[in-house]
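K.L.:
Got a sequence here, can you model it:
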Amino acid sequence: MKKNNNLVLIIMAVMLISTSYAQETKVGVRLGIGLPNLKSADDNVYSKDYSSVTGFDGGFFLDYGLTENFSIKTELAFARKGGERNGIQPIPPSQLDPQLSQITQGAVVYASFDNQAVFSYIEIPVLAKYEWHLDDKWGVYVNAGPYVDFIIDPKQETSGTSQLYYDESGTMPVQVPFNVGTDDNPNFILVDLPAQDFNATTDINNDLANMDFGAMFGVGASYQISETGELLFDARGSYGFIPLQNDTDTYGTVHMGSFTFSLGYAYTLKNKRKRNKSDD
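P.N.:
From the prediction side, this is the model:
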């Protein structure tokens, strides 16, 4: 506990010092959309072929100017990430109903349904930013640094009905014995297992890592609209280093990445002196 208190005091001291000596201190808001990307590092059969799910990405930020062009930008953001996979896909034996598991005897089976995994994150990036002032209105910048994500309420939504198959092409249906005779004189034949219902919403919080740590890089442009206000046009990409799923033996090593495009507004707490090319 003492170490945590000391860490908090150090962070507060750094923020106070940064604010006191900052060339400019800005506060602002950023609103946009994210294009997440679930990337399987080993082409695992359960994790490959997911496409991006577009989601909201935005938050509040503080921008501490250390020099005329260089600043440290911290942000508290909310990001909606995830992926979807539709069509025929494998089902891990552990996710089958016990009765179905007994029929398939632990074999990997396939079915055709819609599958969407959606995660909400609280995201905290700390970015080093360098900006070039093109004239008294326009500027362009680059920023990069680490970030940490904390997952919130992850869900998996599936929909559709489908037969089960032993192959990815859907040509070998799972079959079960059916008695076409009588109780006294049974005569069993194999028939296709009836279609299964895949309409469900599942809490997958225990299956996923509760946090991620990664790197972020972005570019953007600023446009001065008043003495203390500016509009921001921001684009950034990120890549997480921590595997998304806890069971990497089954699901492989999957990392979460994202591309984000957003608009923002920044308010300068100190009077911003007129920018021109001679300042650089």
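K.L.:
Check the gap between the nearest residue to G229 once chain neighbours are set aside and L232 for me.
P.N.:
Ranked by C-beta to C-beta, 6 or more residues apart in numbering and with sequence neighbours excluded, the top spatial neighbour of G229 is Y267, at 5.8 Å. C-beta coordinates here come from the backbone N, C-alpha and C atoms, glycine included. Here the criterion is C-beta to C-beta, to the nearest Å. By it, Y267 lies 11 Å from L232.
K.L.:
swap in L190?
P.N.:
Going from L190 to L232 by C-beta to C-beta gives 64 Å.
K.L.:
Could you check which of the two has the larger neighbour count?
P.N.:
Neighbours per residue (other C-beta atoms under 10 Å) separate L190 from L232, with L232 holding more: 21 against 11.
K.L.:
May I see the buried residues of the host helix or strand of the more buried one?
P.N.:
Using DSSP states H and E, L232 sits in strand 229-240. Across strand 229-240, burial judged by 16 or more other C-beta atoms under 10 Å covers 230, 232, 234, 236, 238-240.
K.L.:
can you redo those as a markdown table with distance to V45 and pLDDT?
P.N.:
Below are the buried residues of strand 229-240 laid out as a markdown table (distance: C-beta to C-beta, whole Å; pLDDT from 0 to 100):
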| residue | distance to V45 | pLDDT |
| --- | --- | --- |
| E230 | 49 | 96 |
| L232 | 42 | 97 |
| D234 | 37 | 97 |
| R236 | 31 | 96 |
| S238 | 26 | 95 |
| Y239 | 23 | 94 |
| G240 | 22 | 93 |
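K.L.:
For P92, state which of these is nearest.
P.N.:
G240 (22.6 Å; C-beta to C-beta).
K.L.:
Can you spell out which residues form a bridge with that closest one?
P.N.:
With DSSP bridges as the criterion, G240 is bridged to G214.
K.L.:
so it makes contact with T253?
P.N.:
No. Using C-beta atoms under 8 Å, G240 is not in contact with T253, being 11.3 Å away.
K.L.:
what are the phi and psi values for Y251?
P.N.:
For Y251, the backbone dihedrals (degrees, to the nearest 10) come out as phi -100, psi 0.
K.L.:
tell me the contacts of it?
P.N.:
Counting by C-beta atoms under 8 Å, 6 or more residues apart in numbering, Y251 makes contact with 44, 46-47, 92, 245.
K.L.:
any idea how far Q196 is from it?
P.N.:
Y251 is 21 Å from Q196, where distance means C-beta to C-beta.
K.L.:
Select from the contacts of Y251 the one having the most neighbours.
P.N.:
In terms of neighbours by other C-beta under 10 Å, the contacts of Y251 top out with S47 at 23 neighbours.
K.L.:
any idea how far it is from G83?
P.N.:
For S47, the distance to G83 - C-beta to C-beta - is 9 Å.
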